[in-house]
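Peer 1: Have a look; sequence and predicted model below, questions after that.
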Amino acid sequence: MNYPIYLDYNATTPCAPEVIEEMLPYFGTHFGNAASKSHPYGWIAENAVEEAREKIASLIGAKSKEIIFTSGATEAINFGIKGIFESYLGEKQHYITCETEHKAVLDTFLEIEKRGAEVTYLKVNREGQISLKELKNSILPHTKMICLMWANNETGVIHPIKKIVEIVEASNTIFFTDAVQAAGKIPVFTKGIHLMALSAHKFYGPKGVGALYVRHNHELPKPFAQIHGGGHEKGMRSGTLNVPGIVGFGKAAGLQNQEMEEEGKRLKELRDLLENQLLDIPDTFLNGSQDFRLPHVCNIAFAGVEGEELLKKVNQKVAVSSGSACTSISPKPSHVLAAMGLNPDLGRASIRFSLGRNTTEDDIENTVNWVKEVVTKLRE
């Protein structure tokens, strides 16, 4: 198949060749179950899992025992939110999140609302940023958790996590951050953070494996297990571990730890080149903050065109999306852009460009030329 240029790295990334190479022996030669404690097949698999756990912990500045493997970020998010809700069962519970969170977070909060939780959804400004004053004022005596993503998957906007941590620590509340789009792309930390969701396939690891960072040695409760049956992962998440996937996750984390800073600079240069040329097209607008965002992402609105047609035409030569991959088939405007105040027509006519490891300057030049051609024709 003659694939288009790929600029949808926020949806998923290709497995790095080094990651694939590292994983392969664990499908065949080293096929053991990491929970088999009585023979070398199990020991080798367990050692590989623990080495990967250390690499992932190192990427975010955690201890290896604080990494709990899951099937992906959606499970990690459900585990964190529902697990904390269940740990406080019988008490009055209030949670704070934001209107621009990923659907995995928003839908999970809807579920615990059905079970009796109160949830405050913080608003954002035109640049996708929350008000720290509103956050502080929203905290109630029975607030159990504040859940805010590190970086937005559609706009790349980065929340001021250090300032948020200060507010959370003063309130003695659990802080959960969805760091799926940030980890491996920009430096992240765990100081003052109790729970953090991660996903391997967002930084050149395999799909189907993620993790929940769970802070140890703290008086606030840990989430109750959501999957039972064997007591794997310190009793927090039962089930046979995906050893090849975890090995790949660890390798990808190690690579990003080494390459993140240099690659971030390269991608920012390419992103700025793309963005500046696309914004030269009349009646185009940048969605989100110019300054506080990931280095490889831009989200641009194209006025005067029909959104569905725009996306269909652009994707003939450049693979992009109008928002989260989870909602890419929806004709509705993005909930993120709607929360930022974009009118529905402009929201539908917005495209997220996300760059990655294989993006070249030629890709950017060809993308700009194609998008200009498409927009010009659609406006005729």
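Peer 2: Good, I have the coordinates.
Peer 1: now the strands for the stretch 201-350 of the chain?
Peer 2: Counting by DSSP state E, counting those that start in this stretch, the stretch 201-350 of the chain forms strands over residues 210-214, 284-286, 297-302, 318-319, 350-354, given from the N-terminal end onward.
Peer 1: What strands flank the fourth one, and is each parallel or antiparallel?
Peer 2: Strand 318-319 has the following strand partners under DSSP bridges: strand 5-6 (parallel).
Peer 1: and the next element down the chain from the partner strand?
Peer 2: Using DSSP states H and E, the helix or strand that follows strand 5-6 towards the C-terminus is helix 17-23.
Peer 1: Would you mind pulling up the elements that that following helix packs against?
Peer 2: Other helices and strands packing on helix 17-23, by 3 or more Cβ pairs under 8 Å, 6 or more residues apart in numbering; DSSP states H and E, are helix 243-278. Bear in mind the C-beta positions are built from the backbone N, C-alpha and C, glycine included.
Peer 1: How far does the helix it packs on sit from its chain's centre?
Peer 2: With Cα atoms, centre = their mean, to the nearest Å as the basis, helix 243-278 stands 14 Å off its chain's centre.
Peer 1: tell me the domain boundaries of this protein?
Peer 2: As assigned by automatic domain parsing, the chain contains the domains 5-12+260-379, 17-254.
Peer 1: In TSV, list these along with mean pLDDT and mean neighbour count.
Peer 2: Below are those laid out as TSV (pLDDT from 0 to 100; neighbours: other Cβ atoms under 10 Å):
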stretch	mean pLDDT	mean neighbour count
domain 5-12+260-379	93	18
domain 17-254	97	20
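Peer 1: what's the spatially closest residue to Lys191 that is not a sequence neighbour in contact with, if anything?
Peer 2: Taking Cβ to Cβ, 6 or more residues apart in numbering as the measure, Lys191 lies nearest to Val165, with 6.9 Å between them; neighbours along the chain are not counted. Shown in contact with Val165 (Cβ atoms under 8 Å, 6 or more residues apart in numbering): 175, 191-193.
Peer 1: Which members of the residues you listed are the farthest-apart pair?
Peer 2: Across these, the longest distance by Cβ to Cβ is 10.5 Å; it joins Phe175 and Lys191.
Peer 1: Return the alpha-carbon coordinates of whichever strand or helix holds the residue nearest to Lys191 using CSV.
Peer 2: Assessed by DSSP H and E, Val165 sits inside helix 161-171. Output in CSV follows, covering the C-alpha atoms of helix 161-171 (Å, rounded to 0.1, in the frame of the first residue of the first chain):
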residue,chain,number,x,y,z
ILE,A,161,1.8,20.8,36.9
LYS,A,162,4.2,22.3,39.4
LYS,A,163,1.8,25.0,40.4
ILE,A,164,-1.1,22.5,40.5
VAL,A,165,1.0,20.2,42.8
GLU,A,166,1.4,23.1,45.2
ILE,A,167,-2.4,23.6,45.4
VAL,A,168,-3.1,19.9,45.7
GLU,A,169,-0.5,19.4,48.5
ALA,A,170,-2.0,22.3,50.5
SER,A,171,-5.3,20.5,50.4
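Peer 1: Just the C-alpha atoms of the helix or strand that that helix is followed by, please, in PDB.
Peer 2: On the C-terminal side of helix 161-171, the nearest following helix or strand under DSSP H and E is strand 174-178. The C-alpha atoms that make up strand 174-178 are tabulated as PDB, following Å, rounded to 0.1, in the frame of the first residue of the first chain:
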ATOM      1  CA  ILE A 174      -4.900  12.900  45.700                       C
ATOM      2  CA  PHE A 175      -3.500  14.200  42.500                       C
ATOM      3  CA  PHE A 176      -3.900  12.000  39.400                       C
ATOM      4  CA  THR A 177      -2.400  13.100  36.000                       C
ATOM      5  CA  ASP A 178      -2.900  11.500  32.600                       C
END
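Peer 1: Note down every partner strand of strand 174-178 and its orientation.
Peer 2: Every partner of strand 174-178, by DSSP bridges, with its direction: strand 143-147 (parallel), strand 195-199 (parallel).
Peer 1: Could you tell me the angle between that strand and strand 210-214?
Peer 2: Between the direction of strand 174-178 and that of strand 210-214, the angle (axes from the mean of the first three to the mean of the last three Cα atoms, to 10 degrees) works out to 160 degrees.
Peer 1: Strand 174-178 to helix 161-171, inter-axis angle?
Peer 2: Compare the direction of strand 174-178 with that of helix 161-171 by the same axes, to 10 degrees and you get 160 degrees.
Peer 1: centre of the chain versus strand 174-178, how much separation?
Peer 2: Averaged C-alpha coordinates place strand 174-178 at 13 Å from its chain's average position (Cα atoms, centre = their mean).
Peer 1: Can you give the contact residues for it?
Peer 2: Contacting residues not belonging to strand 174-178 are listed as 73, 77, 80-81, 84, 101-102, 104-105, 144-150, 161, 164-165, 168, 192-197, 220-221 [Cβ under 8 Å, 6+ apart].
Peer 1: try stretch 31-40
Peer 2: Applying Cβ under 8 Å, 6+ apart, the contact partners of stretch 31-40 are 41-46, 48-49, 230, 232, 240-241, 243.
Peer 1: ok, back up a step: adding distance to Phe292, write the strands paired with strand 174-178 out as a markdown table.
Peer 2: Supplementary listing: the strands paired with strand 174-178 in a markdown table, determined by distance: least, Cβ to Cβ, whole Å:
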| stretch | distance to Phe292 |
| --- | --- |
| strand 143-147 | 19 |
| strand 195-199 | 19 |
